[in-house]
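Peer 1: Coordinates only, no sequence provided:
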Ligand code: CO
């Protein structure tokens, strides 16, 4: 067995049509609070992160029609979009996926929200789930 490269669930990302309505649901129902909001220009999305212990719920809504989240919403509707796994070193984890013959979306680590370094792994490699490797 290789060494465990995943250190924590960083976030569960949920694609929504109405970001304010989704935030209000988590706030009023569960008492969750928004820890961070950001426009991620490169991905064409706006996010709101609600903290749950050491992890986040990441609510995502598209800011343009060409965003992959816009395509996701139009074909699949609202729901879980991806899971972010925290790693100590995004590059090492990404290379482990490639070494195992896995298909990646990002060829190299790149900037994510809140100053993180991230890389996405194709759902075809990961049993139907889009995975984001997140290095804080
Ligand atoms: Co994410």
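Peer 2: Thanks, I have it. Since this is a predicted model, take the numbers as computed values, not measurements. Numbers count the residues shown, from 1 in each chain.

Peer 1: And the strands in the protein?
Peer 2: Under the criterion DSSP state E, strands of the chain are mapped to 6-15, 34-40, 45-52, 55-62, 79-87, 110-111, 117-121, 131-135.

Peer 1: Name every strand pairing with the first one and say which way it goes.
Peer 2: Its sheet considered, strand 6-15 pairs with strand 55-62 (parallel), strand 79-87 (antiparallel) by DSSP bridges.

Peer 1: Need the winner for burial among those.
Peer 2: Comparing the strands paired with strand 6-15 by mean neighbour count (mean count of other Cβ atoms under 10 Å), strand 55-62 comes out on top with a mean of 22. Quick note: C-beta positions are derived from backbone N, CA and C, even for glycine.

Peer 1: how big is the angle separating that one from strand 45-52?
Peer 2: Orientation check (axes from the mean of the first three to the mean of the last three Cα atoms, to 10 degrees): strand 55-62 against strand 45-52 gives 160 degrees.

Peer 1: pLDDT averaged over strand 55-62 - what is it?
Peer 2: Regarding strand 55-62, the rounded mean pLDDT is 98.
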